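Asks: sequence-free structure coming up:
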């Protein structure tokens, strides 16, 4: 009789329990797949190289850039120190102009507010301009689900976001949401929307998008935007776009809703010039984006454009709990994407490997901070801490230091694994004691003897396998420096 | 001039010849060299993994050992380990004013090798009699580049080496993918980063890779060997040291 072997159990253990040299699950796995995908790799390289070259050129041509960076950091620091006051000022200013203000604790609050608003207005079509805040709370998906009875048609109008929406995909970059797609794929997606085969050239595809989106702009009942900045003293919402879609979303529909993270506030109008000079230069390598829109409340008497109803949703969603903590600087981010473009990790893996709305260094920092540090435990380790992010950040956020603090936070919260903790205790004791250090070296030399082959340590399972799987490991030298020193150099 | 040598643990254990070259270079320039024998590791592996308590404890050991000696500067053939002491000891000890002061005082006296040679001694490769036959690219380690700002110093030294042709390579500023425990926690991503550097190296036509950081070199050499490359891989100190014969 044939006996069937039981199927091998899938290894689902947390491998971080095993020591300091085990791969962290999650990011490495997803990153490996991405790094092995040539089309994706080429697309990422093309986008990031172009963005970095553009950024360097325009920033090098701006002698005051280093000073602006310091001022930007200072403004954000002062804003966060007095955020409650500025939020109140912002809310008052918007209400004085006839707008509505709603403080949302989380995504659910935002969804409910917009859902009920859509119900009251009998809305059918909602147009949106690009907004990371609404991506963060999966607004489209949740509105469609929670308010299914309204049968809403929610249309992203940023070209990249629209294509991602049509494909059921998510953005892989803060600024270039579909940089991971090539022309062939975009042609296929848009052909599907058109119901006919479109030619694979950018002009034809853009012409189709323009025509189709124009119908949506003109029939929309509600327009939703994010905010690049909110100016507290005037209640002005500032959005920057390159496609002009933002203006059609804020001006054509009778209702305009802004979903803004509370950290997007700046105190005064004059502070804005510091940030607008940095944002586009850092993100896309432009001196300014094509459009910079200012919206202050609903259409007032005598004004020619603007929505009848204006709603500002000030969204917390995990932000306020970072105020006054060692992680506060994460709130200074203006979402330019420069840290993604320069990051050597992002350049290998792309955005989807991060498994979160925000990717790259800022994503690795802010995702666990917003969601709770027991979530996305792999992300603080998704960095070699090279500091390119900090160097590129127009606000000077020390992103690599924040990643270090997050790693320490994991240790303090007991999230780092017992094996790793034990291993570093051994490390500490060894390195505190020159005698133990010397004994360990001698033990190491003995242990490696049977493993030596052609001048390297043979790849074997065990503590060195994380390295030796893909790289040769040099052996311990016959004599250490300290021995050579003692013998006389 | 009297310097205390700070030899990173991996140099002590794996590439001691780098330390030997540093001693020869300094002596040739008339610098008195001492080696505090109680030194072990700067604690960076624990620090980078978030184990700050353990790193602090190792940092205290380092401070104890070096404070017990008399010297003008601490010289270290690694931008990364020098940065650990000069930048990250004060960071680790931020909330302990007395210890932070100790760390800052020590940090102010730590110099990465090329920084010391160029900015303190005013040495050049000619003084050292350095010769090397080859076409090389130089990799600046990330701490040396960003925290210490040492972009020109190693190049200045290498440009004076007789026989050496220093060539540029694309995306020179990119990290090699080592990142300490990152290299084993994210081995596949780390290796992909090394491959990116190796692709650039191949394109440059260089036969030699030089860096001021043995850790970056260990990573890149490990990948170069695994992928069948015979590129010569040398620390800056080895190239500058005539007795090393351009490295082994």
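Replies: Now that the structure is in, tell me what you want to look at. The structure presented is a predicted model; accordingly, all values stated were derived computationally and were not measured.
Asks: Contacts only, for residue 161.
Replies: Just going to use chain A. Residue A:161 makes contacts with A:128, A:130, A:171, A:177, as judged by Cβ atoms under 8 Å, 6 or more residues apart in numbering or on different chains. To be clear about C-beta, it is placed using only N, CA and C from the backbone, and glycine gets the same treatment.
Asks: Actually, chain B is the one I wanted.
Replies: Shown in contact with residue B:161 (Cβ under 8 Å, 6+ apart): B:125, B:130-132, B:239-240.
Asks: Which of those residues fall in helices?
Replies: B:125, B:239-240 (DSSP state H).
Asks: which residue is nearest the centroid of chain A?
Replies: Centroid-nearest residue in chain A, with Cα atoms, centre = their mean: residue A:358, separated by 2.2 Å.
Asks: my guess is that residue meets residue A:367, correct?
Replies: Yes - at 5.7 Å, residue A:358 counts as touching residue A:367 under the criterion of Cβ atoms under 8 Å.
Asks: what's around the closest residue to residue A:473 other than its chain neighbours, how many residues?
Replies: Among residues not flanking residue A:473 along the chain, residue A:457 sits closest, at 4.2 Å (Cβ to Cβ, 6 or more residues apart in numbering or on different chains). Using other Cβ atoms under 10 Å in any protein chain shown, the number of residues around residue A:457 comes to 18.
Asks: Got the phi and psi for residue A:457?
Replies: phi -90, psi 130 (degrees, to the nearest 10).
Asks: Check residue A:222 too.
Replies: Here is the backbone geometry of residue A:222 (degrees, to the nearest 10): phi -140, psi 140.
Asks: Write the PyMOL selection for whichever of the contacts of residue B:161 are buried.
Replies: Filtering the contacts of residue B:161 down to the buried ones (16 or more other Cβ atoms under 10 Å in any protein chain shown) takes a single PyMOL command:
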select buried, chain B and resi 125+130+132+239+240
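Asks: Would you reformat the contacts of residue B:161 as TSV and include distance to chain A and pLDDT?
Replies: As requested, the contacts of residue B:161 are arranged in TSV below (distance: Cβ to the nearest Cβ, whole Å; pLDDT from 0 to 100):
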residue	distance to chain A	pLDDT
B:125	21	90
B:130	18	95
B:131	21	94
B:132	21	95
B:239	18	97
B:240	16	97
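Asks: From residue A:156, how far off is residue A:171?
Replies: In this view, residue A:171 and residue A:156 are 10 Å apart by Cβ to Cβ, to the nearest Å.
Asks: And stretch B:154-163, what's buried?
Replies: Buried residues in stretch B:154-163, counted by 16+ other Cβ under 10 Å: B:154, B:157-158, B:160-161.
Asks: Revised request: answer the last question for stretch B:218-235.
Replies: B:218-226, B:231-235.
Asks: Next: stretch A:449-459.
Replies: Within stretch A:449-459, the residues that qualify as buried by neighbour count (16+ other Cβ under 10 Å) are A:451, A:456-457, A:459.
Asks: With respect to chain B, which of the residues you listed is nearest?
Replies: residue A:456 (6.8 Å; Cβ to the nearest Cβ).
Asks: Check whether the closest one really touches residue A:467, as I assumed.
Replies: No - counting by Cβ under 8 Å, residue A:467 is not a contact partner of residue A:456; they are 10.8 Å apart.
Asks: what about the helices in the stretch 251-400 of chain A?
Replies: Assigned by DSSP state H, counting those that start in this stretch, the stretch 251-400 of chain A shows helices spanning A:269-283, A:338-342, A:346-349, A:360-371, A:388-392, A:399-412.
Asks: hmm, who's touching the longest strand along chain B?
Replies: Longest strand in chain B by number of residues, with DSSP state E as the criterion: strand B:131-139. Contact with strand B:131-139 is made by B:154-155, B:158, B:161-169, B:172, B:176, B:197, B:201, B:204-211, B:213, B:216-217, B:220, B:232, B:236, B:239, B:242, B:246, as judged by Cβ under 8 Å, 6+ apart.
Asks: List buried residues within those.
Replies: B:154, B:158, B:161, B:164-166, B:169, B:176, B:197, B:201, B:204, B:206, B:208-211, B:213, B:216-217, B:220, B:232, B:236, B:239, B:242, B:246.
Asks: Kindly report the domain assignment for the chain.
Replies: In the absence of a named chain, chain A is used. For chain A, the structural domains run A:17-36+A:337-345+A:352-412, A:62-320, A:447-487, going by automatic domain parsing.
Asks: nope, chain B
Replies: Here the domain parsing of chain B from automatic domain parsing is B:2-119, B:130-244.
Asks: between residue A:171 and residue A:156, what contacts are shared?
Replies: Residues touching both residue A:171 and residue A:156 (Cβ under 8 Å, 6+ apart): residue A:164.
Asks: Residue A:230 falls within a strand, correct?
Replies: Yes - when classified by DSSP: H, G, I helix; E, B strand; the rest coil, residue A:230 is found to be part of a strand.
Asks: what bridges to it?
Replies: With DSSP bridges applied, residue A:230 shows beta-bridge pairing to residue A:237, residue A:265.
Asks: Just give the number of residues close to it.
Replies: Neighbours of residue A:230 under the rule other Cβ under 10 Å: 25.
Asks: So it sits against residue A:237, correct?
Replies: Yes - with contacts counted by Cβ under 8 Å, residue A:230 reaches residue A:237, the gap being 5.7 Å.
Asks: residues bridging contact with the two, i.e. touching both?
Replies: In contact with both residue A:230 and residue A:237: A:260, A:312, using Cβ under 8 Å, 6+ apart.
Asks: which residues of the stretch 151-300 of chain A score low on pLDDT?
Replies: For the stretch 151-300 of chain A, no stretch has pLDDT under 70.
Asks: if we look at the helix or strand in which residue A:72 is found, which residues are touching it?
Replies: Using DSSP states H and E, residue A:72 sits within helix A:65-81. When contacts are defined by Cβ under 8 Å, 6+ apart, helix A:65-81 is touched by residues A:59, A:62, A:86, A:263, A:265-267, A:271, A:274-275, A:277-278, A:281, A:323, A:328, A:331-332, A:334, A:394-397.
Asks: buried subset of these?
Replies: The buried subset of the contacts of helix A:65-81 - by 16+ other Cβ under 10 Å - is A:59, A:86, A:263, A:265-267, A:271, A:274-275, A:277-278, A:281, A:328, A:331-332, A:334, A:394-397.
Asks: what residues does the stretch 101-250 of chain A put near chain B?
Replies: Taking Cβ under 8 Å from any Cβ of the partner chain as the criterion, chain B has no neighbours within the stretch 101-250 of chain A.
Asks: Between the buried residues of stretch B:154-163, which sits nearest chain A?
Replies: Distance ranking of these against chain A, using Cβ to the nearest Cβ, places residue B:154 first at 17.4 Å.
Asks: residue contacts, that closest one?
Replies: Counting by Cβ under 8 Å, 6+ apart, residue B:154 makes contact with B:114, B:138, B:140, B:144, B:210, B:212, B:236.
Asks: which of the residues you listed has the most neighbours?
Replies: Ranked by neighbour count (other Cβ under 10 Å), those have residue B:212 at the top, with 31 neighbours.
Asks: What residue, apart from its backbone neighbours, is nearest that residue spatially?
Replies: The spatially closest residue to residue B:212, leaving aside those adjacent along the chain, is residue B:236, at 4.7 Å (Cβ to Cβ, 6+ apart).
Asks: and the one you found, what does it touch?
Replies: Applying Cβ under 8 Å, 6+ apart to residue B:236 gives the contacts B:77, B:113-114, B:138, B:154, B:157-158, B:210-212.
Asks: from those, which ones fall inside helices?
Replies: Using DSSP H, the contacts of residue B:236 in helices are B:113-114, B:154, B:157-158.
Asks: Pull out the buried positions in the helix or strand of chain B with the lowest mean pLDDT.
Replies: None of the helices or strands of chain B scores lower by mean pLDDT, DSSP states H and E than helix B:125-128, at a mean of 90. Going by neighbour count (16+ other Cβ under 10 Å), the buried part of helix B:125-128 is B:125, B:128.
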